[in-house]
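> sequence and predicted structure are below.
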Amino acid sequence: MKKCAKWIYLLGYPSILMQMLYTVYIIALNMILAGFSDAAVTVLGLYYKMQTFFFIPLLGLQTCIVPVLSYNYAAKKYKRCQTILNESVLFSMLFMLIGVFCFELLPGTLLGLFSHDPAVFSIGIPAFRIIGLSFLPAVVSLLSPVFFQAIGNARISALLSLIRQLGCLIPIFFVLSKIGLSYTWIAFPASEIITGAIGISLYLRQIRQWAGGVD
């Protein structure tokens, strides 16, 4: 019983870590933006309100594919594991295109649902367009940790979560804030692209290991 509980927590801690890091980086980003204006902080808050709507299917898919991947991995059906992940990425990207469309073409409309402050519009419209570029790479950076969690590699899963939120987003956001407020938003697509690239390289390495007969 204790051994089972140990493995449950070991495999589940990447998900716990992701939730904890979410709070940490929101606080950090708010502290950085507070140095510019209240409107900048408001824009970040409005973004996360909007983001939740577009990311719900992706977050739901994260939960659903873990047991399916784990089952097929335990059965040594590695090709099926690849198919599940590839199709999940494709489906998620198709849905996220809706988010990209809304953030690129309708940022004013989205902001207008919550605020009519000219300062919020001035900061938020270009910010939303930049952040919208992060939606497609976010699919890879969010599903990669789930894949490794499902196949029992909790360390890589946790590492990818740490890289995405603490290793990339906050440091890049902070550095770009020294250049100017309008540059800070680049941290969102930059962190997703970097994490996604690392996730893909680790995934391809895992595929090569499977091809070589290594679990």
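Okay, I see it.

> now the helices for the protein?
2-34, 38-74, 78-105, 107-112, 118-132, 135-150, 154-162, 170-177, 181-184, 187-211 (DSSP state H).

> who does the third one touch, helix- and strand-wise?
I take that to be helix 78-105. Secondary-structure packing of helix 78-105 (3 or more CB pairs under 8 Å, 6 or more residues apart in numbering; DSSP states H and E): helix 38-74, helix 118-132, helix 135-150, helix 187-211. Heads up, the C-betas are built off the backbone N, CA and C, glycines and all.

> please state the offset of it from the chain centre?
Distance, stretch centre to chain centre, for helix 78-105: 13 Å (CA atoms, centre = their mean, to the nearest Å).

> so where is this protein shaky, pLDDT-wise?
1-19, 214-215 (pLDDT under 70).

> cutoff 50 now
Nowhere does the chain drop to pLDDT under 50.

> residues near residue 54, how many?
18 (other CB atoms under 10 Å).

> ditto for the one 3 residues further on
The local packing count at residue 57 equals 15, with neighbours defined by other CB under 10 Å.

> if I pick it, what's in contact with it?
By CB atoms under 8 Å, 6 or more residues apart in numbering, residue 57 lies in contact with 92, 95.

> just to revisit the earlier point, closest to residue 165 out of the helices and strands packed on helix 78-105?
Taking CB to CB, helix 187-211 is the member of the helices and strands packed on helix 78-105 nearest to residue 165, at 7.8 Å.

> in the closest one, what's buried?
Neighbour-count burial for helix 187-211, counted by 16 or more other CB atoms under 10 Å, picks out 187-196, 198-199, 202-203, 206, 210.

> and if you look at stretch 96-111?
Burial within stretch 96-111, assessed by neighbour count using 16+ other CB under 10 Å, is assigned to 96, 99-100, 102-103, 107, 110-111.

> of all these, which comes closest to residue 31?
So of the buried residues of stretch 96-111, ranked by how close each gets to residue 31 (CB to CB), first place is residue 111, at 22.4 Å.

> before we move on, the earlier item: please identify the deepest-packed of the helices of the chain.
Counting by mean count of other CB atoms under 10 Å, helix 135-150 has the highest mean neighbour count of these, with a mean of 24.
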